[in-house]
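In: Pasting the sequence and the predicted model now:
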Amino acid sequence: MKPAAFDYLRPADLDEALAALHEHGTDAKVMAGGQSLMPMLNMRLLAPGLIVDISDLGSLANIKASNGHIEVGAATTQAALGEWPDLAEKAPLLAKALPNIGHFQTRNRGTVCGSLAHSDPSSELPLCLATLGGEVVLQSRGAARTVVAGDFQTAMLTTDCAPQEMVVAARFPVAVAGAGYAFAEIARRHGDFAIVALAAMVDGDTIRLGVGGVADTPQVRTWQGLSGDALDDALNAFAWEMGGSDDVHATARYRREIVRRIGRKVIAEATDAADR
Amino acid sequence: MPLIAKDAHHRIALTLNGESVEGYAEPRMLLVDFLRHELGATGTHVGCEHGVCGACTIRVDGRAARACLMLAVQADGKALETVEGLAARDGTLSPLQQAFHENFALQCGFCTPGLLMSLGEVLERNPNPSEREIRIAIGGNICRCTGYQEIVDAALAAAAVLRGEASKNQSQDHDDN
């Protein structure tokens, strides 16, 4: 349970980090908080030749609200976002989801963008980004592009980020005035990986529900004017469409039941939180 | 910091419990192994080595963190606190350690350093935590002996002591039970 040997670079700035990725490509791995990457190195699921450690790059540790987005830099920890004074007002869904991410000891180092780049199917931040319709900013030497959440996560632990690119920021849309948000997850213990995680947004008669932990990537549905039995039917159809499978944590049937029941619950909570 | 080659030993200087110390580590060396094998600070324990059990929890610049999920080279220049720094030099236990002692909050003691370092940050940030807040906070520390109830009791008792409202008769209470 010790990492295989690797070279280590702590770049002085973003340009030096991008130059290293340009030179080393698939042999290099960016480390921010390391709370997902370090376990994979320790278990030797990964053995990169070079680690590019951006955890101390102050220029990437920032949170900015602008152009309708909350932009979170790549070195910003989950703890720092959780302690951002405007969070509950500007991003109530993130405020509700963040305490469910791992434990406070891992949130102290784990980063927002690192969680997105890792893209575990059951993790909370990719689910929030997908539900809110946010985007990820990718940068390589001499080029930058933005990718919407739905296109960023392509499969389990797999994203659209190329080997020469790194996630430099994530953009979460600022809360819609009058809309309500809710988050819930079912796990064996607080802080464990979610068996199913759910995020809901209700704006007028529009319901948006995101579900993590069932399919390979977060799945989102938007419904207009549904309630009562029609909403139950929509939730049931959604639960079946995701095609979850049995694993050591839960059966596919149990996951469908969570989507139906807790889905109903988070939608009710988001409805209560909305101004009507 | 220039690139450090995989087989190069890098000099690491940091503050450990208020004292300046230094040692050498190659890039892949985990911080917890550096503490134990290079610096001889064996109070921090190595458990699961993938961030789940919490036995290796220390504080890095004041924040609780897993020493198995950090590289030694990442600790260069940082201020670390470990269980060795909790008691006074004359051996007087900290209020949290004393509360663990009085509430039977440890048996084998393997998880104890990590629990103490986790709870240290919790009690600093929240002087009056609820039982539920304590239980959530120690969700990241696995204990296979106590069943956790005594650890929760100790944390609440230590919080009371730190608020200055504690009974000195904590151990007497237990004798009466």
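Out: Received the coordinates, thanks. All values derive from a computational prediction rather than experimental measurement.

In: Could you list the low-confidence segments of chain A?
Out: Residue ranges of chain A with pLDDT under 70: A:276.

In: Could you give the number of residues near the residue in chain B that chain A sits nearest to?
Out: When scored by CB to the nearest CB, chain B has residue B:140 as its residue closest to chain A, at 2.8 Å. The C-beta positions use only the backbone N, C-alpha and C, and glycine is treated the same way. For residue B:140, the neighbour count with other CB atoms under 10 Å in any protein chain shown is 26.

In: and what of residue B:124?
Out: Here the number of neighbours of residue B:124 (other CB under 10 Å) works out to 11.

In: quick one: which helix or strand includes it?
Out: Assigning secondary structure by DSSP states H and E places residue B:124 in helix B:112-125.

In: Quick one: name whatever helix or strand follows that helix.
Out: By DSSP H and E, the next helix or strand past helix B:112-125 is helix B:131-137.

In: Correct me if wrong: residue A:219 contacts residue A:208.
Out: No: using CB atoms under 8 Å, residue A:219 is not in contact with residue A:208; the gap is 11.4 Å.

In: Quick check: residues of the stretch 101-250 of chain A near chain B?
Out: A:102, A:103, A:104, A:105, A:106, A:108, A:109, A:189, A:190, A:191 (CB under 8 Å from any CB of the partner chain).

In: So which of these sit within helices?
Out: Of these, the ones assigned to helices by DSSP state H are A:104, A:105, A:106.

In: The closest residue to the first one other than its chain neighbours: neighbour count?
Out: Translated: residue A:104. Of all residues beyond its chain neighbours, the one nearest residue A:104 is residue B:137 (6.3 Å), with distances taken as CB to CB, 6 or more residues apart in numbering or on different chains. Residues lying near residue B:137 (other CB under 10 Å) number 26.

In: Show me how the record splits chain B into domains.
Out: Following automatic domain parsing, one finds the domains of chain B at B:10-85, B:95-172.

In: With only the CA atoms kept, save stretch A:110-117 in PDB.
Out: These are the backbone C-alpha positions of stretch A:110-117, laid out as PDB (Å, rounded to 0.1, in the frame of the first residue of the first chain):
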ATOM      1  CA  GLY A 110     -10.000  17.700  -1.200                       C
ATOM      2  CA  THR A 111     -10.800  20.100  -3.900                       C
ATOM      3  CA  VAL A 112     -14.000  20.900  -5.800                       C
ATOM      4  CA  CYS A 113     -12.400  20.600  -9.200                       C
ATOM      5  CA  GLY A 114     -10.500  17.500  -8.200                       C
ATOM      6  CA  SER A 115     -13.800  15.700  -7.400                       C
ATOM      7  CA  LEU A 116     -15.100  16.700 -10.800                       C
ATOM      8  CA  ALA A 117     -12.000  15.500 -12.600                       C
END
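
In: How far does it sit from its chain's centre?
Out: How far stretch A:110-117 lies from its chain's middle: 7 Å, per CA atoms, centre = their mean, to the nearest Å.

In: follow-up on the earlier one: go through the residues of the stretch 101-250 of chain A next to chain B and single out the one with the most neighbours.
Out: Ranking these using other CB under 10 Å puts residue A:105 first, with 32 neighbours.

In: ok so, going back, which other helices and strands contact the helix holding residue B:124?
Out: Judged by 3 or more CB pairs under 8 Å, 6 or more residues apart in numbering or on different chains; DSSP states H and E, the packing partners of helix B:112-125 are helix A:104-107, strand B:57-60, strand B:63-66, helix B:95-102, helix B:131-137, helix B:149-162.
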